[in-house]
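S.K.: when you get a sec, could you give me coordinates for this:
(one chain, ligands or ions: 3)
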Amino acid sequence: MSDTMNKMIKQARKCAEEIKKYKEVQLVSHIDADGITAGSIISKSIERADIGYDILFVKQLDKNTIEELADQNPELVVFTDLGSGQIEHINNCGLNSVVSDHHRPQGETKFHLNPHLFGANGSFEISGSGTAFILANQIGDNIDLADLAITGAIGDMQYRKYGKLVSLNREILESNSTYISSKNDISLFGKQTRPVYKMLQYSSDPFLPGLTGNEDACIDFLHKIGFQYAKDEKWRRWIDLTDEEKTKISSSLLQYSMKNGLSSYNISRLISESYILLQEKEGTEMRDASEYSTLLNATGRYMKAEIGMAVCMGDREDAYEEAKTLLATHRKNLVDGLNFVKINGVTQLSHLQYFDAGKEIPETIVGIVAGMSQSSNNRHLPIIAFADSEEGHKVSARGTQEQINRGLNLSEAISKVCHEIGGGGGGHDIAAGATIPAGKKEVFIEMLNAIIATQITKK
Ligand code: C5P
Ligand code: C5P
Ligand code: ZN
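M.R.: Ligands and ions are numbered 1, 2, ... in the order given. Take a look at the predicted model:
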C-alpha cells in the first residue's frame with residue numbers, strides 16, 4: 001500500500017469516528033456520476049452502520065445552498081464530491097461537517113478528507129467516489145463498493161491523463177479484483193449494449209471521419225472486412241464477438257483511421273483500458289464502468305440523481321428502466337450539443353478558444369460537450385464554453401495534459417477571475433467551471449485569456 005493511501009486511511013478513520021457519533025446525518029453530494037456514486041457509497045456504509053440519513057444532490061455548492069442547509073440545523077453534514085472549495089462558507093455558517101472531496105481545497109477544516117492534502121492530485125489520482133470509498137471502509141467493511149468507486153473515477157475521466165487509471169485509483173482497482181477488473185479493448189462507447197455498427201456510428205470521441213453519424217458507411221465497413229449481416233437482422237454486440245473477431249475489427253479500424261486522416265493522438269486513443277463490474281449482468285450498462293457512468297450522468301444532470309442513486313443501491317427494476325429512458329434523451333442532447341459546436345464553430349483568442357451555447361445546450365452538460373469537442377478543435381488551446389443559467393452564465397473549461405505541462409491551471413485561473421468579477425468557481429487544473437453574473441461574459445473571457453497567458457509564460 002502506498003504511503004499516500006495510508007495517510008488517506010488514517011485521516012478517513014478520524015472522519016469515520018466523527019460520523020459514528022451521530023444517529024442521523026445529512027449527506028450532500030454532487031449531481032454527476034462521481035457525485036452519485038460517492039453519495040451511494042456513503043449512504044450504503046451509513047445504512048450498514050445503522051445510522052439514519054437524508055441525502056441532497058446539488059448542481060454546485062454555493063453560499064445560498066450552504067445557508068439553506070444551516071437553517072435546518074443538522075447535527076452533522078457529510079459532503080461528498082464537493083465542499084473542499086467552499087470550506088470557508090461551511091465554517092462561517094457554523095455547520096458541523098465532514099468533507100470528503102477531491103477538488104482543489106480552498107480553506108481548512110478538522111474533518112477533511114481530500115487527496116490534495118496528502119500530495120495527490122484529485123483530477124487523476126482519485127475521484128470523489130474513491131475518496132468516499134476510503135471513508136466508507138473506515139465506517140465498516142464496505143469493500144464490495146469498490147466497483148462504484150471505479151465507476152465514479154471513470155465518470156470524472158480520471159483515466160484520460162495516462163489512458164488508464166493510476167495511483168490511488170489503481171490501488172483500489174487492483175486490491176478489489178472480485179468486484180472490478182480491467183482489460184485493454186476498443187475504446188468506443190457501448191460495448192455491452194450496442195450492436196457493433198451502432199457503436200461505430202455513434203462514436204463521437206474520437207470522431208471517425210466517414211463513419212461517425214453514417215449508418216450505411218458503418219455497415220459497409222463491417223461488410224468489407226467479412227461481417228455479413230442483413231440490415232434488419234439482429235446484430236451482435238461487441239461482447240458477443242469472439243476475441244479473433246474483435247481483433248479483426250480493431251485492427252481494421254486502426255488502418256481505416258490512419259488512411260482517413262485521424263490524428264495520431266486520436267488513433268492512439270482507439271484502444272484503451274476498459275473496466276468491467278464483475279458482479280453486474282453482462283449486456284447491461286452497469287457491467288461497463290464507462291456505460292454505467294453515462295447512465296448515471298443521464299439522471300443527475302437532469303436533476304434526477306435519486307434515480308441514479310437507486311440504481312447504485314441495487315434497484316434493477318423501476319429506477320433502472322427510468323434511467324434508461326433518461327439515457328436516450330441524454331445521448332440525443334450530447335449529439336445535438338456537438339452539432340451545435342460544429343456548425344457554430346469556436347472563437348480563438350491568443351491563449352484560449354471558446355463558444356457560447358446560450359440556451360442551446362443545458363448548463364449541466366455543456367462541460368461534457370466542451371470536453372468532447374476538444375479532440376476536433378485546436379488541441380493547443382484550452383476550450384471554454386458558456387451556457388445560460390438562471391443565476392447568470394455557466395462556464396465550463398477543459399484543458400489537455402500537454403497544456404498542464406506548460407503551466408495551465410484552469411481551476412486557479414477561473415477562481416482568480418471570479419474573485420475579481422463576482423460569481424464562484426473552481427475544480428481541477430484540467431477541468432474547471434463557474435457561474436458568473438449576467439453580462440460579464442466578455443470581461444470574463446478577456447481576463448481569463450490574460451491569466452492563462454501568464455500561467456503559460458511563467459513556466
Ligand atoms: O466535478 P468533478 O470533479 O466531478 O468533475 C470533473 C470533470 O473533469 C468531469 O467533467 C471530467 O470530464 C473532467 N475531466 C477532464 N479531463 C480529465 C479529468 C477530468 O475533462 N483528465
Ligand atoms: O460543470 P463542469 O463539468 O464544467 O465542471 C468542471 C469542474 O469544475 C468540476 O470539477 C466541477 O465540480 C467544478 N465546478 C466548480 N464550481 C462551479 C462549476 C464547476 O467547482 N460553479
Ligand atoms: Zn468528482
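S.K.: check contacts around the closest residue to ligand 3 within the stretch 251-400 of the chain.
M.R.: Closest contact between the stretch 251-400 of the chain and ligand 3, by CB to the ion, is at residue 293 (10.8 Å). (Each C-beta comes from the backbone N, C-alpha and C, glycine too.) If you count contacts by CB atoms under 8 Å, 6 or more residues apart in numbering, residue 293 has them with 33, 34, 37, 151, 152, 154, 155.
S.K.: and which of the residues you listed is nearest residue 61?
M.R.: Lowest distance from residue 61 to the contacts of residue 293 (CB to CB) belongs to residue 34, with 14.1 Å.
S.K.: what's the neighbour count on the residue nearest to that closest one when sequence neighbours are not counted?
M.R.: Nearest non-adjacent residue to residue 34, counting by CB to CB, 6 or more residues apart in numbering: residue 152, 3.9 Å away. Look at residue 152: counted by other CB atoms under 10 Å, it has 37 neighbours.
S.K.: I'd assumed residue 37 was in contact with residue 152.
M.R.: Yes: look at residue 152 against residue 37 with CB atoms under 8 Å: they come within range, at 3.6 Å.
S.K.: which stretches of this structure have low pLDDT?
M.R.: For the chain, applying pLDDT under 70 flags the ranges 229-233, 458-459.
S.K.: now it against ligand 1: closest residue?
M.R.: Nearest residue of the chain to ligand 1: residue 431, at 3.0 Å (CB to the nearest ligand atom).
S.K.: so in terms of bridging, what pairs with the closest residue to that residue other than its chain neighbours?
M.R.: In space, residue 431 comes closest to residue 398 once its chain neighbours are excluded; the distance is 5.3 Å by CB to CB, 6+ apart. Here residue 398 shows beta-bridge partners residue 383, residue 431, assigned using DSSP bridges.
S.K.: which ones are touching residue 398?
M.R.: 367, 370, 371, 374, 382, 383, 410, 430, 431 are the contacts of residue 398 under CB under 8 Å, 6+ apart.
S.K.: try it again at 10 Å.
M.R.: When contacts are counted by CB atoms under 10 Å, 6 or more residues apart in numbering, residue 398 touches 157, 367-374, 382-385, 410, 427-428, 430-433.
S.K.: inside helices: which ones of the residues you listed?
M.R.: 367, 368, 369, 370, 371, 372, 373, 410 (DSSP state H).
S.K.: next, residue 11: secondary structure please.
M.R.: When classified by DSSP: H, G, I helix; E, B strand; the rest coil, residue 11 comes out as helix.
S.K.: pretty sure it contacts residue 99?
M.R.: No: at 11.0 Å, residue 11 does not count as touching residue 99 under the criterion of CB atoms under 10 Å.
S.K.: now do the shared contacts for those two.
M.R.: Counting by CB under 10 Å, 6+ apart, the common neighbours of residue 11 and residue 99 are 111, 112, 113, 114.
S.K.: the last one contacts residue 104, correct?
M.R.: By that I understand residue 114. Yes: between residue 114 and residue 104 there is a contact at 8.8 Å, judged by CB under 10 Å.
S.K.: tell me where the longest helix sits in the chain.
M.R.: The helix spanning the most residues in the chain, taking DSSP H as the definition, is helix 318-344.
S.K.: can you mark which positions in that one are buried?
M.R.: 319-320, 322-323, 326-327, 330-331, 333-334, 337-338, 340-341 (16 or more other CB atoms under 10 Å).
S.K.: okay, now the sheet partners of the next helix or strand after that helix, with direction.
M.R.: Downstream of helix 318-344, the first helix or strand assigned by DSSP states H and E is strand 347-348. Sheet partners assigned to strand 347-348 using DSSP bridges are listed as strand 353-356 (antiparallel).
S.K.: contacts for the strand it pairs with, please.
M.R.: Counting by CB under 10 Å, 6+ apart, strand 353-356 makes contact with 340-341, 344-348, 361, 366, 369-370, 373-374, 377-378, 380-388, 393, 395, 397, 441, 444-445, 448-449, all of which sit outside it.
S.K.: anything in it near ligand 2?
M.R.: No: judged by CB under 6 Å from any ligand atom, strand 353-356 makes no contact with ligand 2; its nearest approach is 13.0 Å.
S.K.: for the closest residue to residue 81 other than its chain neighbours, give me its contacts.
M.R.: Leaving aside its sequence neighbours, residue 81 sits nearest to residue 128 (CB to CB, 6+ apart; 2.8 Å). Each residue near residue 128 by CB under 10 Å, 6+ apart is listed here: 29-30, 32-39, 41, 79-84, 100-103, 114, 122, 149, 152-153, 155-156.
S.K.: and these, which of them are buried?
M.R.: By neighbour count, with 16+ other CB under 10 Å, the contacts of residue 128 hold 29-30, 32-39, 41, 79-84, 100-103, 114, 122, 149, 152-153, 155-156 as buried.
S.K.: correct me, but residue 38 touches residue 103?
M.R.: No: with contact defined as CB under 10 Å, residue 38 does not reach residue 103; the gap is 11.8 Å.
S.K.: overlap of the contact sets of those two?
M.R.: Joint contacts of residue 38 and residue 103 (CB under 10 Å, 6+ apart) are 30, 81, 82, 128.
S.K.: ok, the second one touching residue 126?
M.R.: Read that as residue 81. No: the criterion here is CB under 10 Å, and residue 81 misses it with residue 126 at 11.3 Å.
S.K.: quick check: neighbours shared by these two?
M.R.: What both residue 81 and residue 126 touch, as defined by CB under 10 Å, 6+ apart, is the set 102, 152, 156.
S.K.: save the residues you listed as a markdown table, and put in distance to residue 202 too.
M.R.: Converted to a markdown table, those look like this (distance: CB to CB, whole Å):
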| residue | distance to residue 202 |
| --- | --- |
| 102 | 30 |
| 152 | 23 |
| 156 | 22 |
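S.K.: now, which of the residues you listed lie within strands?
M.R.: If you go by DSSP state E, those have nothing in strands.
S.K.: thinking again about what came up before, okay, and which of the contacts of residue 293 map to helices?
M.R.: Among these, the ones falling in helices (DSSP H) are 33, 34, 37, 151, 152, 154, 155.
S.K.: who are the contact partners of the third one?
M.R.: By CB under 10 Å, 6+ apart, the residues touching residue 37 are 29, 80-81, 127-130, 132-133, 145, 147-156, 289, 292-293, 296, 308-309, 312.
S.K.: where's it relative to residue 93, distance?
M.R.: Plainly put, residue 37 is 27 Å away from residue 93 if you go by CB to CB, to the nearest Å.
S.K.: quick revisit: what's the closest of the contacts of residue 293 to ligand 3?
M.R.: The shortest approach to ligand 3 among the contacts of residue 293 belongs to residue 34, at 3.4 Å (CB to the ion).
S.K.: hang on, the closest one packs against residue 301?
M.R.: No: with contacts counted by CB under 10 Å, residue 34 stays clear of residue 301, the gap being 11.9 Å.
S.K.: any residues of the chain in contact with ligand 3? List them.
M.R.: Taking CB under 5 Å from the ion as the measure of proximity, the chain contacts ligand 3 at 34, 81, 127, 128, 156.
S.K.: identify the farthest-apart pair in these.
M.R.: Greatest spacing in the residues of the chain next to ligand 3, by CB to CB: 81 and 156 (8.7 Å).
S.K.: before I go, just wanted to say thanks for your time.
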